[in-house]
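In: Whatever this is, show me its structure:
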Amino acid sequence: MEISTQQNRTEIKAVKGQVRSLENQIIELQIEKAKTLLRVQNFLEEEGENLRQKMAEFLAQLAGKSDKELLYEIAAAFRVASAYTSKHSLPRKVFVRFSSLSTRNDILKKASGAELKHKENEIMIRREVPFLVRKRRIKYKELIALLLKKGVRYRYLILEGLFFVFREQPIRITTEEQMQ
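Out: Numbers count the residues shown, from 1 in each chain. All right, here's what the predicted structure looks like:
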């Protein structure tokens, strides 16, 4: 009886490891897919709009390029509804996929310090973070609050974890045990 219980435990551990490995592969694929995506929030909707053209016009000022140049660099632009936007009567989020990563990064850098407005609405431009990654980051919420309170800058590691420098010591946390 004891031997079979031990075998079951090792098999369960092996299966959990395989599941974790598959989750990591899925996350890596989602991250790769989201590399060229930008999420634009609060961009007003118009009936019959050519969203790709409108985003090229709006983002061209920020990128320092002409509308036509940016139109060639935008592979796709589409709107996605969420429960939050529906509930609060907000415009649906706009996702813009770029053909080059450098254009997306330039726009992100310039948007981070700028106050963007479109038809008197404040526009926020963010990078897209896959749901599974956001879900894994939830457990670091308390630690992040503590780091922010102490004025410590941090950054998320790609799959899971945090990196920060505290008292001139680089600290990398990837498990819940390390967080304690």
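
In: Let's verify S89: helix, strand, or coil?
Out: coil (DSSP: H, G, I helix; E, B strand; the rest coil).

In: per-residue confidence at it?
Out: S89 carries a pLDDT value of 84.

In: What ranges does this protein have for its helices?
Out: Ranges of helices in the chain, per DSSP state H, are 2-34, 51-63, 67-73, 83-87, 101-113, 131-137, 141-149, 176-179.

In: okay if I get the ones you listed as TSV plus mean neighbour count and distance to F43?
Out: In short, each C-beta sits where N, CA and C put it, glycine included. TSV is the format used below for those (neighbours: other CB atoms under 10 Å; distance: least, CB to CB, whole Å):
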stretch	mean neighbour count	distance to F43
helix 2-34	11	19
helix 51-63	18	7
helix 67-73	15	15
helix 83-87	10	11
helix 101-113	15	13
helix 131-137	13	22
helix 141-149	12	29
helix 176-179	10	38
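
In: To F166, which of those helices lies closest?
Out: helix 141-149 (8.0 Å; CB to CB).

In: Now for the residue nearest in space to the middle of the chain: which residues touch it?
Out: When CA atoms, centre = their mean is applied to the chain, the residue found nearest the centroid is V129 (1.8 Å). By CB atoms under 8 Å, 6 or more residues apart in numbering, the contact set of V129 is A34.

In: Would you pull up how far stretch 15-24 lies from the middle of the chain?
Out: 22 Å (CA atoms, centre = their mean, to the nearest Å).

In: ok, residues contacting it?
Out: The contact list for stretch 15-24 (CB under 8 Å, 6+ apart) reads L132, L159.

In: Alright, that wraps it up for me.
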